[in-house]
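# dropping a prediction and its sequence here:
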Amino acid sequence: MRHIPFFRWVLTAGLMLFACSAGLYATGSDPELSAARQIDLAVVDEKADGTCRVQWSDPYEKKTREGPYHCDAGRSDLLKAPNFQDSRGYGWESGFMFTEGPNRGDLDDPKASSEEDFTTSDTLLLLGLLLILIGMVGGNLRALPRVLGVEARLVRRATRLAEAAGWAAEDYARAVDAVRDAERHGSLDGAPDPELVRSLWVLREAGPQAHRAAADARKLANRLHPLLGEAAPAAGLRNRLQAGPAARADAEAAVTELRRLVADAERHGLWERFAQTSVDLLRGQDADRAAIAAGTDFERAPDAYRRLLEGLTPTAAALPAPRRRRRRRY
């Protein structure tokens, strides 16, 4: 079962609100972004904070209109009544009038619109930042247990151990199969078959410890492979984050068992045993040298070869052993 990315969606929503806030701020604070032109305003009444009433000529309705406006309280006193040279005793201010859209002919009051837009954009901004904070903190806290469960190094060591065990078991099985194949085409009676002798020599040189190591390797490999499959979410950060709760629980149990098996393998020197077994079983690759060494060794201890063959091939046990000739004494 995959986890639901709740905090990821919260973070996405926060980013969207932040973008909306930035858009409102950008479009509401620049009069040049609107279809408007600058006009002269006659200030009918003005207060100290800049709140005023103004008159302007509306060319679309062809009349003089009057309405509230926010004048620049810091402009020169010469532009304010009664210092401004106006026969009506009005002050002067400049502003922008919409030339397009449903508000054509109305004043674009930057200060009033900016205060209104600031309230909306500020709300969106605060809400967006809050969601972003929740998404980031909550997502990291949720991912923390999964991140702490990554055991990539242990999984790699267990994988190498499983490979070494698998190679040792396969090399021994291949050597036994070579003996059995050679036994089908020849025997150790009369004129011994060179290929059968060479195949037996490989196992004889590896010694009985190769059989025990191969058995241990096969048993260990059979235990490691299922555990490595269950421990896959712990093999890397990406796998860990994508795994569901059940898979992570199984991975933690598998990692615990892998850690014990790897420690036991190091304590008992299994790495070295498996590697040495593989090396010993590969000595027969040089067929010419192996054939010479095998022939010499067979002449010295033929009974040992027959016993080894009887243990590997059930058909060989039924064959009568040839009589050994007595050496003549001169």
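Cool, got the structure. Residues are numbered from 1 along each chain as shown.
# can you report how many residues neighbour Gln209?
Neighbourhood size, Gln209 [other Cβ atoms under 10 Å]: 12. Using the backbone N, CA and C atoms, a C-beta is placed for each residue, glycine as well.
# where does it fall, phi/psi-wise?
Per-residue torsions, Gln209: phi -70, psi -20 (degrees, to the nearest 10).
# what residues does the top strand by length along the chain touch?
If you go by DSSP state E, the chain has its longest strand at strand 36-46. When contacts are defined by Cβ atoms under 8 Å, 6 or more residues apart in numbering, strand 36-46 is touched by residues 52-57, 66, 69, 71, 80-81, 84, 86, 88, 90-99, 107-108.
# tell me which of those fall in strands.
52-57, 66, 69, 91-98, 107-108.
# any quick ChimeraX command for the buried ones out of those residues?
Here is the ChimeraX selection string for the buried members of the ones in strands among the contacts of strand 36-46, based on 16 or more other Cβ atoms under 10 Å:
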select :52,53,54,55,56,69,91,92,93,95,96,97,98,107,108
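# not counting its neighbours along the chain, what's nearest Cys20?
The spatially closest residue to Cys20, leaving aside those adjacent along the chain, is Leu124, at 5.2 Å (Cβ to Cβ, 6 or more residues apart in numbering).
# ok, now which ones touch that neighbour?
Contacts of Leu124 (Cβ under 8 Å, 6+ apart): Leu17, Phe18, Cys20, Ser21, Leu24.
# assign it to helix, strand or coil.
Assigned by DSSP: H, G, I helix; E, B strand; the rest coil, the conformation of Leu124 is helix.
# go on, the one 5 residues further on?
When the structure is reduced to helix, strand and coil (three-state DSSP), Leu129 reads as helix.
# pLDDT wise, what is it at?
As predicted, Leu129 sits at a pLDDT of 83.
# now Gly135
At Gly135, pLDDT is 74.
# any low-confidence regions in the protein?
1-4, 7, 24-25, 27-34, 111-119, 121, 138-150, 236-243, 284-287, 313-330 (pLDDT under 70).
# show me how it divides into domains.
36-99, 149-318 (automatic domain parsing).
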